[in-house]
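**Q** Fold the following, please.
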Amino acid sequence: MYFFTADEHYGHANIVKYAGRPFRSVEEMDYTIISKHNDRVGPGDVVVHAGDFTLIHDTERVFREYVSKLNGNHIFLKGSHDYWLNNRNASHEIWERKFPEAYIVVCHYAMRTWARSHYNSWQLFGHSHGRLEPIGKQWDIGVDNNNFYPVNLEELKSIMDMRPDNPNLVTER
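**A** Modelled structure (predicted):
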């Protein structure tokens, strides 16, 4: 199963205030996000993290304190603060894949148009902490917008079924 998430901001005390997160400390926030992740994600699942996983620069520390505690196989995309990602981690800014449900494009940032958007593909993004209204078949997969859980394809299909078509959908072919 595939899961999608963004903007965890592990170890980032200021994000509690900035994003209005309901935690008393960064330790409580980290514990809650890890617990909710592991409640849904199994060891064999794939998780696409769409940026801002942490502001910590030390790659070994990030793996030791966070990645090693998370279920699943992880794909990390670069966000605004992912200094820990380097060439060793083969990170990218955009991830695309065709699923039976839809063609999905994932990026830290929301886009106006994206690959195959004219065919109603989905675009999953973070960065805005639930403060940016999606257009068409978009969804903010950040933890702030999803009760601190990652979302799976089934949940996304239910969401996208309720969303309008993409503005640039080609209806006549």
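**Q** Mind telling me what element L124 is part of?
**A** Here L124 sits within strand 122-125, counting by DSSP states H and E.
**Q** If you count contacts, what does the helix or strand just after that strand end up packed against?
**A** Downstream of strand 122-125, the first helix or strand assigned by DSSP H and E is strand 138-140. In this structure, strand 138-140 packs against strand 122-125, helix 153-162, with contacts taken as 3 or more CB pairs under 8 Å, 6 or more residues apart in numbering; DSSP states H and E. Bear in mind the C-beta positions are built from the backbone N, C-alpha and C, glycine included.
**Q** Give me the helices and strands touching the helix or strand bottoming out on mean pLDDT in the chain, please.
**A** Lowest mean confidence among the helices and strands of the chain (mean pLDDT, DSSP states H and E): helix 59-65, at a mean of 93. Judged by 3+ CB pairs under 8 Å, 6+ apart, helix 59-65 is in contact with no other helix or strand.
**Q** Next, the buried residues of that helix.
**A** Under the neighbour-count criterion of 16 or more other CB atoms under 10 Å, helix 59-65 has 62, 65 buried.
**Q** so what's F125 bridging to?
**A** D140 (DSSP bridges).
**Q** Contact partners for it?
**A** 6, 50, 106-111, 134, 138-142 (CB atoms under 8 Å, 6 or more residues apart in numbering).
**Q** Dump those to a markdown table, plus neighbour count and distance to H118.
**A** Shown next, in a markdown table, are the contacts of F125 (neighbours: other CB atoms under 10 Å; distance: CB to CB, whole Å):
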| residue | neighbour count | distance to H118 |
| --- | --- | --- |
| A6 | 30 | 24 |
| A50 | 28 | 22 |
| V106 | 25 | 18 |
| C107 | 23 | 17 |
| H108 | 24 | 22 |
| Y109 | 16 | 19 |
| A110 | 19 | 17 |
| M111 | 14 | 13 |
| P134 | 19 | 17 |
| Q138 | 23 | 14 |
| W139 | 20 | 18 |
| D140 | 24 | 22 |
| I141 | 24 | 22 |
| G142 | 29 | 26 |
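**Q** Brilliant, that's me finished.
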